[in-house]
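A.B. asks: All I have is the shape, not the residue letters:
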């Protein structure tokens, strides 16, 4: 898919329903009256208690971190009575630290967190602050949140977070490499396998993936499962009506094993590659394809020359599969939540400011990820060409989204799924049914 170059400004308002659902405390400190002399003294100026809000965020990669930091600085400059102290960390460090915080009942005041059952575990643990009344009293802001956004983080009619982005996982590819090997970007899974064979024959690594982090491999499996059977099998397995060793899940596992172990589709040693190393192989033109969320655009844009070579397609369709290729892996994947122990009004002010169209629009312009609110006045001149094209594509083509498997399941099953898919791609004799049976 070649890049679209347009001179007009794009006002991106992605209004899509998900296919899957996934104040200042002032006071007078006047001296007590002590006779006429004291009564004639001027009263002291009203002082305000400064509320310190600790914020944890896993938006640790630039440009997100730089832009969120700038938003925090702007907030602190304009809110004398509320001050944000932020700490950024990568996903895995964040997961470890939040577990310790939950166990010790020492949660940050405001923090980013993923949606789905991973989020529900925090709801059930009673560590999240209820922001329902704040949202209901603030219709102007509430109405800017895209349909399905609030519902993603609502349980028992109580809202616990505000979404930050509407993400989708795409198959990114190097247009020059495809052209040199005489290939078109794959629209079907058979075409993907043919491309893998051609690249291997040409001495080119077909696909890079961060196997060490596990969840990028799960992205591959999740897409295969959705394209094979649609979304109903996952919903049934999630609720316990069936399990994850049923037909379409097994077929997805067989295809994933074939791609990784028989076709050598993934880069050698991929199980030892973390996110940064895997992405670097793509940006350094050592691999032809890279499947990742739209947040990867920011990394591509660091090299303008490389950016011009990047194209994208949705995950390919599967012959006789029932899942639509216009349904994308992603959705409202994460948002801002508050601790149940914090000053909820102050926390809400922080969440509202940092998730507003004004502040998140800057990230949309820089990174190309679709925001979760309307009203973003995007400046095309500040956007790279790939981000512009991607946002336009999502607006025009997305039928809906299905959530990340490791977020949609409880922590125990999510961990089991991550391990199962790693085992499936790790050896040629992997027993697909046996591995999937562990997810229960």
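C.D. replies: Received, thanks. Worth saying up front: this structure is predicted, and the values here are computed from it rather than measured.
A.B. asks: which secondary element of the chain has the worst mean pLDDT?
C.D. replies: strand 25-27 (a mean of 34; mean pLDDT, DSSP states H and E).
A.B. asks: Contacts only, for the residue nearest the centre of the chain.
C.D. replies: Centroid-nearest residue in the chain: residue 333, 4.4 Å away (criterion: Cα atoms, centre = their mean). Residues near residue 333 by Cβ atoms under 8 Å, 6 or more residues apart in numbering: 114, 115, 165, 167, 293, 403, 404, 407. Placement of C-beta: from N, CA and C, glycine included.
A.B. asks: wait, isn't the fifth one in contact with residue 169?
C.D. replies: Put plainly, it is residue 293. Yes: between residue 293 and residue 169 there is a contact under Cβ atoms under 8 Å: 5.0 Å.
A.B. asks: intersection of neighbour lists for these two?
C.D. replies: Joint contacts of residue 293 and residue 169 (Cβ under 8 Å, 6+ apart) are residue 330.
A.B. asks: Looking only at neighbour counts, state which of these two leads.
C.D. replies: Taking neighbours as other Cβ atoms under 10 Å, residue 293 and residue 169 compare with residue 169 leading, 24 against 19.
A.B. asks: helix/strand/coil for that one?
C.D. replies: strand (DSSP: H, G, I helix; E, B strand; the rest coil).
A.B. asks: again, but for the one 3 residues further on
C.D. replies: With three-state DSSP as the basis, the three-state label of residue 172 is strand.
A.B. asks: gap between it and residue 330?
C.D. replies: 14 Å (Cβ to Cβ, to the nearest Å).
A.B. asks: Which one of the two is surrounded by more residues?
C.D. replies: Taking other Cβ under 10 Å, residue 172 and residue 330 do not tie; residue 330 has more neighbours (26 against 23).
A.B. asks: quick one: the more buried one is in a strand?
C.D. replies: Yes: counting by three-state DSSP, residue 330 is located in a strand.
A.B. asks: confidence score at it?
C.D. replies: For residue 330, the pLDDT comes out at 94.
A.B. asks: Could you list everything it pairs with in the sheet?
C.D. replies: residue 168 (DSSP bridges).
A.B. asks: wait, doesn't it sit right on residue 170?
C.D. replies: No: taking contacts as Cβ under 8 Å, residue 330 lies outside contact range of residue 170: 9.2 Å.
A.B. asks: Give me the common contacts of the two.
C.D. replies: With contacts taken as Cβ under 8 Å, 6+ apart, residue 330 and residue 170 have 293, 294 as neighbours in common.
A.B. asks: Which residue, other than its chain neighbours, is closest to residue 126?
C.D. replies: Counting by Cβ to Cβ, 6 or more residues apart in numbering, residue 126 lies nearest to residue 340, which is 6.2 Å off, once chain neighbours are set aside.
A.B. asks: which residues touch that neighbour?
C.D. replies: Per Cβ under 8 Å, 6+ apart, neighbours of residue 340: 107, 126, 127, 128, 129, 130.
A.B. asks: Please spell out the ChimeraX selection for the buried subset of those.
C.D. replies: Command for ChimeraX, covering only those of these found buried under the criterion 16 or more other Cβ atoms under 10 Å:
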select :107,127,128,129,130
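A.B. asks: In JSON lines, list the contacts of residue 340 along with secondary structure, pLDDT and distance to residue 181.
C.D. replies: Converted to JSON lines, these look like this (DSSP: H, G, I helix; E, B strand; the rest coil; pLDDT from 0 to 100; distance: Cβ to Cβ, whole Å):
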{"residue": "107", "secondary structure": "coil", "pLDDT": "97", "distance to residue 181": "51"}
{"residue": "126", "secondary structure": "coil", "pLDDT": "96", "distance to residue 181": "55"}
{"residue": "127", "secondary structure": "coil", "pLDDT": "97", "distance to residue 181": "52"}
{"residue": "128", "secondary structure": "strand", "pLDDT": "98", "distance to residue 181": "50"}
{"residue": "129", "secondary structure": "coil", "pLDDT": "98", "distance to residue 181": "53"}
{"residue": "130", "secondary structure": "coil", "pLDDT": "98", "distance to residue 181": "55"}
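A.B. asks: can you list the contacts of residue 340 in TSV and add distance to residue 182?
C.D. replies: Formatted as TSV, the contacts of residue 340 follow (distance: Cβ to Cβ, whole Å):
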residue	distance to residue 182
107	55
126	59
127	55
128	53
129	57
130	58
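A.B. asks: Setting the sequence-adjacent residues aside, check what's closest to residue 347.
C.D. replies: Here the residue nearest residue 347, using Cβ to Cβ, 6+ apart, is residue 338, at 3.8 Å.
A.B. asks: what sits opposite that neighbour in the beta ladder?
C.D. replies: residue 110.
A.B. asks: what's the distance between it and residue 108?
C.D. replies: Distance from residue 338 to residue 108, by Cβ to Cβ: 9 Å.
A.B. asks: still on that earlier bit, the residue nearest to residue 347 contacts residue 110, correct?
C.D. replies: Yes: counting by Cβ under 8 Å, residue 338 does reach residue 110; the two are 5.4 Å apart.
A.B. asks: hang on, the earlier thing: confidence score at the residue nearest to residue 347?
C.D. replies: Model confidence at residue 338 (pLDDT) stands at 98.
A.B. asks: try residue 118
C.D. replies: 88.
A.B. asks: Determine the three-state secondary structure at it.
C.D. replies: Three-state call for residue 118 (three-state DSSP): helix.
A.B. asks: That one contacts residue 414, correct?
C.D. replies: Yes: contact criterion Cβ under 8 Å: residue 118 and residue 414 qualify, at 6.9 Å.
A.B. asks: Are there residues contacting both of those two? Which ones?
C.D. replies: Common neighbours of residue 118 and residue 414 (criterion: Cβ under 8 Å, 6+ apart): 406, 407.
A.B. asks: which one is residue 310 nearest to, not counting chain neighbours?
C.D. replies: Nearest one to residue 310, counting by Cβ to Cβ, 6+ apart, is residue 300 at 5.2 Å.
A.B. asks: for the one you found, what are its contacts?
C.D. replies: Contacts of residue 300 (Cβ under 8 Å, 6+ apart): 172, 283, 306, 307, 310, 386.
A.B. asks: so what's the second one up against?
C.D. replies: Listed by Cβ under 8 Å, 6+ apart, the contact set of residue 283 reads 299, 300, 302, 303, 306.
A.B. asks: Nearest spatial neighbour of the first one, chain-adjacent residues omitted?
C.D. replies: Okay, so that is residue 299. residue 279 (5.5 Å).
A.B. asks: Over to the last one?
C.D. replies: Here the nearest residue to residue 306 in space, its sequence neighbours aside, is residue 283; by Cβ to Cβ, 6+ apart that works out to 5.8 Å.
A.B. asks: and the gap between that neighbour and residue 277?
C.D. replies: 11 Å.
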